[in-house]
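[1] need coordinates for the following:
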Amino acid sequence: MRIVTTPMCEEIVKLAGIENYNVNKFPTAEDGNLAILLSESKTELESLYLKLNTFKQIKESIEKVAERCGGTANVDFSSCEMAAKYLNDEPVENSTSVRVYSNFLKDIVLDMGFTVSDEDYDYAVAPDYLIEKIDEDVEIIEIPSHGAVSLNPIKRACERYEILEDFINK
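    Below is the predicted model:
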């Protein structure tokens, strides 16, 4: 099996203990015969689609890649205190209501216990690339998107969760 992954998923492949793979932003059959990429990506190759928005999704993705590709899942979230809070099975209580302008952010805010609503909300949560297009009467929490964040999914999730927690707790 020849594995090809996108730059956004490469760290997951490494954490899954896979050493032999190619990286290409747009995987083709020349690069490999199994593509590992984000769930919203498309390719003609047989693919393993990953979601990397929440800590649980990251952990599950590492395990999924290890199982499918013969690796050993090396999941270490110790570099992010926030991960311990959201990886346990205890539901997180949060009375804040938010409007969300992106599916990847919706995964995160739901994981953090926020109520998602299109009416009567406290804040709007939006990716940086949509901020200028949003006209809201409430404060908007701006979250960095793919181009402005670490390729390491754990660091990326930590940053996004911390922005949300810091904003709500200010």
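[2] check the gap between the residue lying closest to Ser41 once chain neighbours are set aside and Ser102 for me.
    For Ser41, ignoring the flanking residues on the chain, the nearest one in space by CB to CB, 6 or more residues apart in numbering is Thr6 at 6.5 Å. (Glycine included, C-beta is placed from N, CA and C.) Relative to Ser102, Thr6 is positioned 19 Å away (CB to CB, to the nearest Å).
[3] so for the two, which sits in the more crowded spot?
    Higher neighbour count among Thr6 and Ser102: Thr6, with 20 against 17, using other CB atoms under 10 Å.
[4] surely that one is in contact with Glu40?
    No: counting by CB atoms under 8 Å, Thr6 sits too far from Glu40 to count as a contact (11.0 Å).
[5] what ranges do the helices span in the protein?
    Using DSSP state H, the helices of the chain run over residues 10-15, 55-69, 81-87, 103-111, 153-168.
[6] among those, which is nearest Asp135?
    When those are ranked by distance to Asp135, counting by CB to CB, first place goes to helix 103-111 at 18.1 Å.
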